[in-house]
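>>> Sharing a model that was predicted from the sequence below.
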Amino acid sequence: MIFNKMKNYKVDNRLKHIAFIMDGNGRWAKARSLPRNVGHKYGAKAFEETVKNCHEFGIKIVTVYAFSTENWSRPKNEIEAIMELLDTYIERAYEQKDIRYVFVGDKSVLSEDLRNKMISLEKATDKYDNILNIAFNYGGRAEIVNACNTLISSGASSVSEEDISSHLYTSHCSDPDLIVRTANEQRISNFLLWQCAYSEFYFTNILWPDFDKKELYKAIQSYYKRKRRFGGLIKGEE
């Protein structure tokens with residue numbers, strides 16, 4: 001039944017931006033007695049399929065939490081595997097002809113080769129309307145600090161909310177309407193702290209490698225059942 005509903009399904013302008021905290025790759029691998037790196041490999045496949053499904057549903061902006069500033073504490077071989085997956089993905093990304101890629105986070109600590117590849121992909125795709133933000137070496141607190149320091153260095157003696165928003169890594173797009181987190185975890189984990197002020201959240205116990213089009217559709221339908229008040233009242237409410 002749900003597959004029939006998904007056929008030719010399109011969202012409306014109430015859902016422009018969806019963000020994902022892609023959690024559970026390691027647990028997915030462990031449950032199958034596989035190395036964690038294998039979980040990341042299948043997680044990368046789920047990521048590509050999810051981006052494709054989002055755009056098929058008409059969602060214009062997608063943001064994924066790929067690697068946090070805290071992830072550097074993970075085992076060296078796991079970090080290397082993630083870097084290799086990203087490098088391979090960037091090489092194939094040029095095949096997409098309708099996605100603008102933006103890497104949000106601090107690129108300065110990455111290898112020069114990877115940093116240059118990120119920048120080249122961003123420049124080559126900046127003409128497209130569909131946006132994919134890949135949060136890599138990203139931390140929400142660090143992002144806000146970076147925005148404030150940039151404003152201070154420009155001579156600002158005081159700042160407004162608009163000033164900070166316009167200096168965030170995501171200043172090129174609207175804030176997320178919906179944030180999805182997998183693997184039955186219910187926390188933000190330093191992700192889009194400023195931008196999520198009025199986002200709706202959807203938590204699922206599905207591990208990220210198992211997150212498919214059906215699960216995405218369920219998340220979207222849950223979103224449409226919400227009443228977004230943005231701190232006020234909906235017309236007709238008292």
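Looks like it arrived, so ask away. Numbers count the residues shown, from 1 in each chain.
>>> can you map out the helices along this structure?
Secondary structure of the chain, counting by DSSP state H: helices at 2-6, 25-31, 36-56, 76-93, 112-125, 140-153, 161-165, 213-224.
>>> so the longest one versus helix 213-224, what angle?
Using axes from the mean of the first three to the mean of the last three Cα atoms, to 10 degrees, the inter-axis angle of helix 36-56 relative to helix 213-224 is 60 degrees.
>>> Which elements pack onto the lowest-mean-pLDDT helix or strand in the chain?
Least confident helix or strand, the chain: helix 2-6 with a mean of 75, by mean pLDDT, DSSP states H and E. The contact analysis (3 or more Cβ pairs under 8 Å, 6 or more residues apart in numbering; DSSP states H and E) places helix 2-6 against helix 213-224. Where C-beta positions appear, they are placed from N, C-alpha and C, glycine not excepted.
>>> Just the mean pLDDT for the helix it packs on, thanks.
Mean pLDDT, helix 213-224: 97.
>>> Make CSV out of the helices of the chain and add distance to S199.
Shown next, in CSV, are the helices of the chain (distance: least, Cβ to Cβ, whole Å):
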stretch, distance to S199
helix 2-6, 23
helix 25-31, 23
helix 36-56, 16
helix 76-93, 25
helix 112-125, 24
helix 140-153, 12
helix 161-165, 14
helix 213-224, 10
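>>> nearest to L178, of those helices?
Ranking those by proximity to L178 (Cβ to Cβ) places helix 213-224 first, at 4.7 Å.
>>> ok, residues contacting that closest one?
2-3, 5-6, 9, 11, 14-15, 18, 49-50, 53-54, 57, 177-178, 180, 200, 202, 204, 206 (Cβ atoms under 8 Å, 6 or more residues apart in numbering).
>>> on that earlier part again, can you add mean neighbour count and distance to V64 and give the helices of the chain back as a markdown table?
Below are the helices of the chain laid out as a markdown table (neighbours: other Cβ atoms under 10 Å; distance: least, Cβ to Cβ, whole Å):
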| stretch | mean neighbour count | distance to V64 |
| --- | --- | --- |
| helix 2-6 | 10 | 21 |
| helix 25-31 | 19 | 13 |
| helix 36-56 | 19 | 6 |
| helix 76-93 | 15 | 11 |
| helix 112-125 | 14 | 14 |
| helix 140-153 | 15 | 14 |
| helix 161-165 | 13 | 21 |
| helix 213-224 | 18 | 13 |
